[in-house]
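>>> quick one: sequence plus predicted model below, questions after.
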Amino acid sequence: MGTPHIGATRGDIAETILLPGDPLRAKYIAETFLENVVQYNNVRGMLGFTGTYKGKKVSVQGTGMGVPSIGIYAHELIAEFGVKNLIRIGTAGSYQKDIKVRDVVLAMSASTDSAINKLRFNGADYAPTANAQMLFKAYEIAKQKGLNVKAGNVFTSDTFYGDDPEAWKKWAKFGVLCVEMETAQLYTTAAKLGANALTLLTISDSFITHEVTSAEERQTTFNEMIEVALETAISL
Ligand SMILES: O=P(O)(O)O[C@H]1O[C@H](CO)[C@@H](O)[C@H]1O
Ligand SMILES: O=c1cc[nH]c(=O)[nH]1
């Protein structure tokens, strides 16, 4: 049973799922925020759990890093397990001086240097876009919590270690808020397969100030973003 990358059966996974890149962040979320938790996946160590949050069924699944990896998990979750709402919770590097480490960014849209959509659309540009209902809800919840939240265009990069240390400045000049590595693919796959998707990002480092957070903090301490994601999940 299951798919090449998810060792579960249909029904094991909730219609609404949180998607951190890091599988250990999935474990942390399941252990810290969910009740009645069952682990449904361990294939490749890409942990997946289903539990309840305030009485509602929610799953959380690691996706790995980068466009191809999240493309595999998003496709299998939607096409084979009937997942309808996908909420990525990730980390990102800030491109703007008013977006500081630990701030939260909601990805309205995603620019990218990935060639996948260029190939898919014969050289034309497709605009990967968040589900508006989820975006508005998450923004409202984040504001109610008093978070420093911004919504806008993010950059989905195919590289973490690029060749040109100045390249980010062009994206920043054109209003891109921050960089991460999955959202353009998540939004495209969700649109193709008829599901809803949203990305929430906590800023883990700044290209402006060079401030960084530790790997431990990235794994465990982005609780405000996780709570916004869970409250959004159960509002759907
Ligand atoms: O914290 P996650 O969700 O993995 O997101 C960001 O962190 C990874 C790079 O360190 C990339 O996956 C990037 O998108
Ligand atoms: O700078 C960063 C931080 C997180 N994730 C990225 O892809 N880049």
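Received, thanks. This is a predicted model, so every value here is computed, not measured. Numbering: from 1, shown residues only. Ligands and ions are numbered 1, 2, ... in the order given.
>>> count of neighbours near Met65?
Met65 has 15 neighbouring residues, counting by other Cβ atoms under 10 Å. (Each C-beta comes from the backbone N, C-alpha and C, glycine too.)
>>> tell me the SS of it?
coil (DSSP: H, G, I helix; E, B strand; the rest coil).
>>> find the nearest non-adjacent residue to it, please.
Gly21 (5.3 Å; Cβ to Cβ, 6 or more residues apart in numbering).
>>> could you double-check that the one you found lies in contact with Leu186?
No. Gly21 lies out of contact with Leu186 (Cβ atoms under 8 Å); the separation is 10.8 Å.
>>> overlap of the contact sets of the two?
Both Gly21 and Leu186 are in contact with Ile70, Arg88, where contact means Cβ atoms under 8 Å, 6 or more residues apart in numbering.
>>> quick one: which of these two has more around it?
Between Gly21 and Leu186, Leu186 has the larger neighbour count (other Cβ under 10 Å), namely 29 against 21.
>>> contacts only, for the more buried one.
Leu186 neighbours (Cβ under 8 Å, 6+ apart): Leu19, Ile70, Ala74, Leu86, Arg88, Pro128, Ala197, Thr199.
>>> same check, this time on Tyr139
Leu106, Val149, Ala151.
>>> off-centre distance for the helix or strand encompassing it?
Using DSSP states H and E, the element containing Tyr139 is helix 132-144. Mean-position distance between helix 132-144 and its chain equals 15 Å (Cα atoms, centre = their mean, to the nearest Å).
>>> tell me what the following helix or strand past that helix is packed against?
Following helix 132-144 in sequence order, the next helix or strand is strand 149-156 (DSSP H and E). Judged by 3 or more Cβ pairs under 8 Å, 6 or more residues apart in numbering; DSSP states H and E, the packing partners of strand 149-156 are strand 104-112, helix 132-144, strand 178-180, helix 183-193.
>>> in the chain, which residue is most central in space?
Arg88 (2.1 Å; Cα atoms, centre = their mean).
>>> distance of it relative to Tyr187?
9 Å (Cβ to Cβ, to the nearest Å).
>>> got any residues that touch both of these two?
By Cβ under 8 Å, 6+ apart, the residues touching both Arg88 and Tyr187 are Ala197, Thr199.
>>> ok and the residue in this structure nearest ligand 2?
Gly93 (2.4 Å; Cβ to the nearest ligand atom).
>>> give me every residue that touches that residue.
So Gly93 contacts Cys178, Val179, Glu180, Ile203, Ser204, Asp205, Ser206, Phe207 (Cβ under 8 Å, 6+ apart).
>>> tell me who's in contact with the second one.
What that stands for is Val179. The contact partners of Val179, taken as Cβ under 8 Å, 6+ apart, are Ala92, Gly93, Tyr95, Val154, Phe155, Thr156, Ser157, Trp168, Trp171, Phe207.
>>> quick check: pLDDT value at it.
The model reports Val179 with a pLDDT of 98.
>>> which strand residues bridge it?
Gly93, Phe155 (DSSP bridges).
>>> could you do the fourth one as well?
Partner residues in beta bridges with Ile203: Ala92, with DSSP bridges as the criterion.
>>> could you check how far it is from Ala74?
23 Å.
>>> one more: the fifth one?
In this view, Ser204 and Ala74 are 22 Å apart by Cβ to Cβ.
>>> same deal with the second one?
Per Cβ to Cβ, Val179 is found 20 Å from Ala74.
>>> which of the contacts of Tyr139 has the most neighbours?
Leu106 leads those on contacts (other Cβ under 10 Å) with 24 neighbours.
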